[in-house]
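A.B. asks: dropping the sequence and predicted coords here.
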Amino acid sequence: MEHLYTKALKLSYFTVGYNILVGIVSIIAGAYAGSIALVGFGLDSFVESLSGSIMIWRFKKHGIVSEEEEEEVEHKALTMVGYTFFILAVYIFYESITKLYYKEIPDVSLVGIIIAILSIIIMPILYVNKVHVGKSIGSKSLLSDAKETLACTFLSVALLLGLGLNYLWGLWQADPIVGIIVALYLVKEGREIVTGEED
């Protein structure tokens, strides 16, 4: 069982490292191209880094604190991860509505398309590993963190769709519309996690 907690910690470190790198590249590329979907994806990466950091804090407590204290840490981690969904959703929704209202047309971004494809490959693998470990050790916080990773996968697909439609056919509206859809998904998932409705 202990090796699973170690694996959970390693998955969390990978989550933080990968997402910080992707976040920086995505925000720079998104700002250059004027793409809210790409900037939003970069911010999602930072929010997932926050979620991963919460998981590092949570699993570093394992074996150090009492079983009762660890249950309390688990509950706090679960709630904090849930709130990270709202942080991201508010930003993406606001920026998407602004883009539509002012008709801000993003430039095409090949860098963004490459980032999206890379994340579509990596994020599902990370998600499956988190779910496996989370179920094995009975960690609701890790399972919720896995949902954040799954949201990143959906956002990767949405990003690819938005950037691809703009790149191929000049359908710039796809970018903010996709952002709104993802924001609504994040609110739903965050609410379920915070209220415990995902049980």
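C.D. replies: That came in fine, so what should we check first? Since the model is a prediction, treat every value here as computed from it, not as a measurement.
A.B. asks: number of residues surrounding the spatially closest residue to Glu48 that is not a sequence neighbour?
C.D. replies: Distances taken as Cβ to Cβ, 6 or more residues apart in numbering put Asn19 closest to Glu48, at 4.7 Å, once the chain neighbours are dropped. All C-beta atoms are positioned from the backbone trio N, CA, C, and that covers glycine. Other residues near Asn19 come to 28 when the count uses other Cβ atoms under 10 Å.
A.B. asks: dump the residue contacts of Val194.
C.D. replies: Neighbour list for Val194: 79, 82-83 [criterion: Cβ atoms under 8 Å, 6 or more residues apart in numbering].
A.B. asks: spell out the secondary structure type for it.
C.D. replies: Assigned with DSSP: H, G, I helix; E, B strand; the rest coil, Val194 falls in the helix class.
A.B. asks: what do you get for Gly63?
C.D. replies: Per three-state DSSP, the local secondary structure of Gly63 is coil.
A.B. asks: distance of the residue in the chain sticking out farthest from the centre from Gly23?
C.D. replies: Here the chain reaches farthest from its C-alpha mean at Ser66, the gap being 30.7 Å by Cα atoms, centre = their mean. Taking Cβ to Cβ, to the nearest Å as the measure, Ser66 falls 36 Å from Gly23.
A.B. asks: again, but for Val90
C.D. replies: In terms of Cβ to Cβ, Val90 sits 17 Å off from Gly23.
A.B. asks: about what we covered before: minimum pLDDT in the contacts of Val194, which residue is that?
C.D. replies: Minimum pLDDT across those is recorded for Gly82, with 87.
A.B. asks: after the longest helix seen in the chain, next one along is what?
C.D. replies: Using DSSP state H to define each element, the chain has its longest helix at helix 67-102. Per DSSP states H and E, the first helix or strand lying C-terminal to helix 67-102 is helix 110-137.
A.B. asks: okay, the angle between that following helix and helix 67-102?
C.D. replies: Orientation check (axes from the mean of the first three to the mean of the last three Cα atoms, to 10 degrees): helix 110-137 against helix 67-102 gives 150 degrees.
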